[in-house]
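**Student:** model this:
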Amino acid sequence: MKSETYNGLDLLKFIMALFVVMIHVKPNVHSEILTTIFNPILSIAVPIFFVLSSVLIFKKLTSVNGRGGYAPLVRYSKRLAILYFCWLIIDIWFVLFKRTYISDGFPKGCFEFVKDLILGSTFPGSWFLSALLVSVVLVYVGYRTIGKFAIVCIALLISLYVSCIDFLPENMRGLYEWYATNVRPEVGLSFPSQMIWVAIGLIIGINLDNVLLHKKTIYPWVIGLAIVCYVLSLFWHSIFVKYVWVVSVCLIAFFIELPDKPVYKRIRNYSILIFLFHFSIAGKMSLFCSFVGDSLLTNWLYYILVVVISIIFAEVVLRLEKIRYLEFFKYLH
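**Tutor:** Presented below is the predicted three-dimensional model:
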């Protein structure tokens, strides 16, 4: 694979990180036009993060060297678990004082903590890390045991079940309601609904070399599909359109040719740091709007400030990790 393929991937992840910040800061809340324009893109920001985070890892896991066992999966899981643990330490104040683990006592508090750690959310944004880890493990194990088509079909059916729950009869909602009651209320923000994106990452990853060989033929169709899906999403909310749109946008990231410059590696690291930093920064910067007022202009200034400060924090981390004895900062991204 050419290096510029990774550059396109890094650029897309950075752009999607900016849209993830927009999801939580909501700068367009006072403009119906901007809300209409941006909402379709916001709806695919997190799914694209899941796909892009899994494509390359599955390409490695399913390569010739990766077929011999589960060692590559263990290494990946360990790396992601370390990332999670480092941010858990940073946000431990939130976990201890905003959650009820301590007041729940032992052993209930410990059980709830472990459950949220693996299947739910412990600090803002942590659900993405836990859902990614659980989904990658389940999809890879499914790929090796029942095959790629079977695991993709299972992930698709679960995704459709969660997405269409409001349209299903009452007697078919039991499993959803049990999960929402006993595991995580926000079922849409957990591994059952997000596993489809990791499964899509599996399919792209194991077929990526063949797809790139036919790049000239596929590229125009992919661009066309991305445009059509965006236009359709402006007027029609369809999960099937969303599937096609996410796949087409991700493929564009692999197809696009960009100059090989160090800046792309930098913004790749920025992406996950912005994703995880902005939650705390946005909470503190919300005081900004309380002083200057709540309007379209001030909300956009609020958004820009959160992004800029998140990037500054990210840059500080990247510089600190190059200092002797501070190399552990590299585990934050």
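**Student:** contacts and neighbour counts: CA atoms only from here.
**Tutor:** Fine.
**Student:** In contact with the spatially most central residue of the chain: list those residues for me.
**Tutor:** Centroid check for the chain by Cα atoms, centre = their mean gives F49 as the closest residue, at 3.6 Å. Going by Cα atoms under 8 Å, 6 or more residues apart in numbering, F49 touches K13, M16.
**Student:** Also the one 4 residues further on?
**Tutor:** S53 makes contact with G201 under the criterion Cα under 8 Å, 6+ apart.
**Student:** any idea how far V55 is from the residue nearest to the centre of the chain?
**Tutor:** To V55, F49 is 10 Å away according to Cα to Cα, to the nearest Å.
**Student:** Low-confidence ranges, the stretch 151-300 of the chain, go.
**Tutor:** Using pLDDT under 70 as the threshold, the predicted model of the stretch 151-300 of the chain has low-confidence ranges 284-286, 288-289.
**Student:** can you rerun that using 80?
**Tutor:** Filtered on pLDDT under 80, the stretch 151-300 of the chain yields the residue ranges 282-294.
**Student:** what's the distance between V198 and V139?
**Tutor:** For V198, the distance to V139 under the criterion Cα to Cα works out to 7 Å.
**Student:** more neighbours, these two?
**Tutor:** Neighbours per residue, other Cα atoms under 10 Å: of V198 and V139, the larger number sits with V198, 33 against 26.
**Student:** As a check, name the ranges of all helices in the stretch 151-300 of the chain.
**Tutor:** For the stretch 151-300 of the chain, applying DSSP state H, counting those that start in this stretch gives helices covering 174-182, 191-213, 215-235, 239-255, 262-292, 296-320.
**Student:** could you redo those as CSV and give each row distance to F149?
**Tutor:** Formatted as CSV, the entries for the helices of the stretch 151-300 of the chain read as follows, by distance: least, Cα to Cα, whole Å:
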stretch, distance to F149
helix 174-182, 24
helix 191-213, 9
helix 215-235, 22
helix 239-255, 16
helix 262-292, 30
helix 296-320, 39
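**Student:** mind checking which of the ones you listed is nearest K26?
**Tutor:** Minimum separation from K26 across the helices of the stretch 151-300 of the chain (Cα to Cα) falls at helix 296-320, 7.3 Å.
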